[in-house]
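Visitor: What follows is a protein structure lacking sequence information:
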């Protein structure tokens, strides 16, 4: 009788050991599969980027799907190890309202990031202004958008701050209108100044001929007459043309004896008896 008892005890112990080993092996296998899925996800995101997906969307897409893999893997591992995952899910569901209120800012950033990803008001490399945020887009992650300022500073802005304000994208449209206004002396000829501007614009092939450039007297100020030209150019040429022809017009005006006056006022002195 004792031998039979010892036999069943040994058999149950071995069965328990085998069950534990099987569960541990299954959990380890799930972790290996999850690791493989993450590698596959990284490859898929890189492939999508090579096929035309915006570089700025890469961090958000990778983070979103990788977190899904982490959560599903965790639940499966707990289930394989014998943990009651239904109770955990029910507890999380019951606490979802409190969690949502506590993490409302984080959830708002996630939602804003998804909207920025799908509506695409900008892409990687675009220069934008949004409130006090200015810089070139580097990437959109799950909670924040990273930018690089023109002086090289790193900027990290919450996604909700970009989604909640008007975005001015200086790089999205292929053409931009360049406008340069110069004040000349009241004694100089505005027509002569406008002819110089016409000559300058005509000699630059980077200015578009359609729409046609415009040349006009923009206003009469206290100490000068404002003359203006407007011409369209490709967005990537805009700033180089602006800097170049601001200096070029001043040089040409000086050669033609057209004065750019300093601000001045006329003061009349009244003598009292």
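Guide: That came through, no problem. This is a predicted model, so every value here is computed, not measured. Residues are numbered from 1 along each chain as shown.

Visitor: Isn't residue 224 up against residue 261?
Guide: Yes - between residue 224 and residue 261 there is a contact at 5.3 Å, judged by C-beta atoms under 8 Å. C-betas here are computed from N, CA, C, even on glycine.

Visitor: The most centrally placed residue in the chain and residue 228, how far apart?
Guide: The chain has residue 137 as the residue nearest its centroid, 3.8 Å off, counting by C-alpha atoms, centre = their mean. Here the distance between residue 137 and residue 228 works out to 32 Å (C-beta to C-beta, to the nearest Å).

Visitor: just residue 147 next, same as before
Guide: With C-beta to C-beta as the criterion, residue 147 and residue 228 are 33 Å apart.

Visitor: Neighbour count for these two, which is higher?
Guide: The residue with more neighbours, out of residue 147 and residue 228, is residue 147; 24 against 16, by other C-beta atoms under 10 Å.

Visitor: nearest spatial neighbour of that one, skipping sequence neighbours?
Guide: Leaving aside its sequence neighbours, residue 147 sits nearest to residue 135 (C-beta to C-beta, 6 or more residues apart in numbering; 3.4 Å).

Visitor: now residue 221
Guide: Closest residue to residue 221 apart from its sequence neighbours, by C-beta to C-beta, 6+ apart: residue 183 at 6.2 Å.

Visitor: hang on, the one you found packs against residue 225?
Guide: Yes - the criterion here is C-beta under 8 Å, and residue 183 meets it with residue 225 at 6.7 Å.

Visitor: about what we covered before: how many other residues sit next to the residue nearest to residue 221?
Guide: 21.

Visitor: quick one: low-confidence ranges for this protein?
Guide: 1-18, 20, 52, 54, 84-104, 264 (pLDDT under 70).

Visitor: 90 instead, please
Guide: Within the chain, the stretches with pLDDT under 90 are 1-125, 131-132, 139-144, 161, 163-165, 210, 221-223, 259-273.

Visitor: Which neighbours do residue 224 and residue 261 have in common?
Guide: Overlap of the contact sets of residue 224 and residue 261 (by C-beta atoms under 8 Å, 6 or more residues apart in numbering) consists of 183-185.

Visitor: Residue 198: which of the residues you listed is nearest?
Guide: residue 184 (15.0 Å; C-beta to C-beta).

Visitor: one step back: quick one: which of residue 224 and residue 261 has more around it?
Guide: residue 224 (20 against 15).

Visitor: roughly how far apart are the more buried one and residue 186?
Guide: In terms of C-beta to C-beta, residue 224 sits 7 Å off from residue 186.

Visitor: in the stretch 101-250 of the chain, which spans are strands?
Guide: 127-130, 133-140, 144-148, 154-158, 168-169, 175-184, 214-220, 225-234 (DSSP state E, counting those that start in this stretch).

Visitor: residues in contact with the closest residue to residue 199 other than its chain neighbours?
Guide: Once flanking residues are discounted, residue 199 sits nearest to residue 252: 7.9 Å by C-beta to C-beta, 6+ apart. Listed by C-beta under 8 Å, 6+ apart, the contact set of residue 252 reads 196, 199-200.

Visitor: 10 Å instead, please
Guide: By C-beta atoms under 10 Å, 6 or more residues apart in numbering, the residues touching residue 252 are 193, 196-197, 199-200, 245, 258.
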